[in-house]
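[1] build me a model from this:
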Amino acid sequence: MKVQFVVEAKKYFEVDAERLEQARENDLCLVTIDFEKQKAEFIWYGEGENPANFPAEEDDFDAVVELWEELGKPGE
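    Reported below is the predicted structural model:
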């Protein structure tokens with residue numbers, strides 16, 4: 001099973017001080033969680049921009065699943 005959802009970058013990066021500082025107010029993250037492969041990735045992009053124009057970065061699977069659950073499991 002895969003889920004995909006969009007979250008504000010400032011929320012996504014609240015535990016990453018360096019990226020949190022770099023994130024602009026309206027930046028977003030498109031997050032993909034692949035439960036079968038135990039893999040999570042995100043694409044960080046500006047509001048109004050196409051996330052397909054930005055690179056996907058792998059992230060900590062467990063931490064991303066925790067955030068997804070905290071947000072009420074969007075995209076499920």
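[2] what's the spacing between Phe35 and Asp59?
    When distance is defined by CB to CB, to the nearest Å, Phe35 is 14 Å away from Asp59. Yep, even glycine has a C-beta here, placed from its N, CA and C like the rest.
[3] repeat that for Ala9.
    With the distance defined as CB to CB, Ala9 ends up 13 Å from Asp59.
[4] same drill for the two, tell me which one is more crowded.
    The residue with more neighbours, out of Ala9 and Asp59 and counting by other CB atoms under 10 Å, is Ala9; that gives 23 against 19.
[5] where does the protein have low pLDDT?
    Nowhere does the chain drop to pLDDT under 70.
[6] the helix or strand containing Glu66: how far from the chain's middle?
    Using DSSP states H and E, Glu66 sits in helix 61-70. When C-alpha coordinates are averaged (CA atoms, centre = their mean, to the nearest Å), helix 61-70 and its chain have centres 10 Å apart.
[7] return the list of helices and strands in contact with that helix.
    Packed against helix 61-70 by the contact rule (3 or more CB pairs under 8 Å, 6 or more residues apart in numbering; DSSP states H and E) you find strand 2-8, strand 28-34, strand 39-45.
[8] among those strands, which is the most enclosed?
    When neighbours are counted by mean count of other CB atoms under 10 Å, the highest per-stretch mean among these falls to strand 28-34, a mean of 21.
[9] what pairs with that one, parallel or antiparallel?
    For strand 28-34, the paired strands and their directions (DSSP bridges) are strand 2-8 (antiparallel), strand 39-45 (antiparallel).
[10] report the angle between the last one and helix 61-70.
    It refers to strand 39-45. Using axes from the mean of the first three to the mean of the last three CA atoms, to 10 degrees, the interaxial angle of strand 39-45 with respect to helix 61-70 works out to 70 degrees.
[11] quick one: name whatever helix or strand follows strand 39-45.
    Along the chain past strand 39-45, the next helix or strand (assigned with DSSP H and E) turns out to be strand 57-59.
[12] Val65 is nearest to which of the strands paired with strand 28-34?
    Across the strands paired with strand 28-34, Val65 has its closest neighbour in strand 39-45 (7.1 Å, CB to CB).
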